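Peer 1: Generate coordinates for the sequence data below:
(one chain, ligands or ions: 2)
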Amino acid sequence: MADIKVIVAGPRGKMGSEALRMIEKEPAFQLVGCIDRIHDGQKVAEVEGLPKMDALIYTSAEKALGELEADVLIDLTTPEHGYKHTKLALEHGVRPVVGTTGFTEVQMEEITNLAEKKELGVVIAPNFAVGAVLMMQFSKWAAKHFPDVEIIEKHHDQKLDAPSGTAVKTAQLIQEVRESHKQGHTDEKETIDGARGADVDGMKIHSMRLPGLIAHQEVVFGGLGQTLTIKHDSHHRESFMSGVKLAIEKVMELDQLVYGLEHLLD
Ligand SMILES: NC(=O)C1=CN([C@@H]2O[C@H](COP(=O)(O)OP(=O)(O)OC[C@H]3O[C@@H](n4cnc5c(N)ncnc54)[C@H](O)[C@@H]3O)[C@@H](O)[C@H]2O)C=CC1
Ligand SMILES: O=C(O)C1=N[C@H](C(=O)O)C[C@H](O)C1
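Peer 2: Ligands and ions are numbered 1, 2, ... in the order given. Alright, predicted model coming up:
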């Protein structure tokens, strides 16, 4: 396979730096540039802590996408900038692989339409860890039999969005098989606001943020005399990299948006 030319947005971040290390080891990928908030014009190798790679850093996404010959943009930044980068990439004929979470429904629709118009692949995956994808699929299956369910997601305390993209996607998958209904007592009242968590069609999502955590989720189902817990833990950000690699390869064959890594797994 010819080299896939990749731009990484957010190279100094927890995920972006891990993605650079993955790309460095992968002979079929070539890093052609990075988009960062600082270090304009410097090489990646000149930035402390980053791999010894020659690609240039741009602080202007427009300039990077205009000047660089690239196939794929990997975005691992913030919801606000990830959305802008994704649209810009499509405008420049570059296929986005987006790990950034927290896009609104309206933004997702806009990206879907733009990808369709440009006939370009986009992968937006709220979780690139294969174990997390399985956890979400198993949860959808379980919800057919256990319609009362609460999602507990636990992340490091630097996370910007809540609930996590994974929890949102899990709830969406469960919604496909679960009839909307209010869980808990009909007269239930919160004596402290938020005590029962976020509500999606009557199921609850609880978000925990603590130092020491990375990315963890439990989906707890309750039935008569029994509970079922489906749990996934990312103990290291390496857990996401096989999914990022797969998405980079597969996005080259797509001509529309795919939301969720499950659509790319055999
Ligand atoms: N899909 C998945 O499997 C995963 C997704 N994520 C998501 O990825 C995103 C990044 O997560 P982390 O790496 O943990 O965050 P982080 O805060 O460590 O890194 C974000 C990076 O983006 C950079 N950045 C911010 N604005 C920018 C801009 N305009 N241009 C270029 N770079 C910019 C920041 O300087 C920072 O280095 C989050 O939305 C998070 O939810 C995180 C882990 C796994
Ligand atoms: O911010 C993170 O760290 C993570 N974000 C993604 C999410 O919002 O689901 C994926 C994973 O949980 C790690």
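
Peer 1: Can you tell me which residues in the stretch 151-266 of the chain are near ligand 1?
Peer 2: The stretch 151-266 of the chain comes close to ligand 1 at residues 158, 165, 240, as judged by Cβ under 6 Å from any ligand atom. Where C-beta positions appear, they are placed from N, C-alpha and C, glycine not excepted.

Peer 1: can you pick the most crowded of those?
Peer 2: Phe240 (24 neighbours; other Cβ atoms under 10 Å).

Peer 1: how near is it to Leu90?
Peer 2: According to Cβ to Cβ, to the nearest Å, Phe240 stands 23 Å off from Leu90.

Peer 1: now do Pro211
Peer 2: Taking Cβ to Cβ, one finds Pro211 at 37 Å from Leu90.

Peer 1: Which one of these two is surrounded by more residues?
Peer 2: Shown here are Pro211 and Leu90; by other Cβ under 10 Å, Leu90 has more neighbours (22 against 7).

Peer 1: That one touches Asn113, doesn't it?
Peer 2: No. Assessed by Cβ atoms under 8 Å, Leu90 is found out of contact with Asn113, at 10.1 Å.

Peer 1: Spatially, and excluding backbone neighbours, which residue is closest to Ala171.
Peer 2: Val200 (4.3 Å; Cβ to Cβ, 6 or more residues apart in numbering).

Peer 1: Need the nearest residue in space to the closest residue to ligand 2 within the stretch 1-150 of the chain, chain neighbours excluded.
Peer 2: Closest residue of the stretch 1-150 of the chain to ligand 2, Cβ to the nearest ligand atom: Thr101 (3.7 Å). Distance criterion Cβ to Cβ, 6+ apart; nearest residue to Thr101, sequence neighbours excluded, is Gly165 at 2.9 Å.

Peer 1: what sits against the one you found?
Peer 2: Going by Cβ atoms under 8 Å, 6 or more residues apart in numbering, Gly165 touches 101-102, 126-127.

Peer 1: Just the buried subset of those, please.
Peer 2: The neighbour-count criterion (16 or more other Cβ atoms under 10 Å) marks 101-102, 126-127 among these as buried.

Peer 1: can you give me the helices in the protein?
Peer 2: 14-25, 61-67, 79-91, 105-118, 130-145, 165-175, 241-251 (DSSP state H).

Peer 1: can you redo the ones you listed as JSON lines with mean pLDDT?
Peer 2: Listed next are those as JSON lines, based on pLDDT from 0 to 100:
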{"stretch": "helix 14-25", "mean pLDDT": "98"}
{"stretch": "helix 61-67", "mean pLDDT": "98"}
{"stretch": "helix 79-91", "mean pLDDT": "98"}
{"stretch": "helix 105-118", "mean pLDDT": "98"}
{"stretch": "helix 130-145", "mean pLDDT": "98"}
{"stretch": "helix 165-175", "mean pLDDT": "98"}
{"stretch": "helix 241-251", "mean pLDDT": "98"}
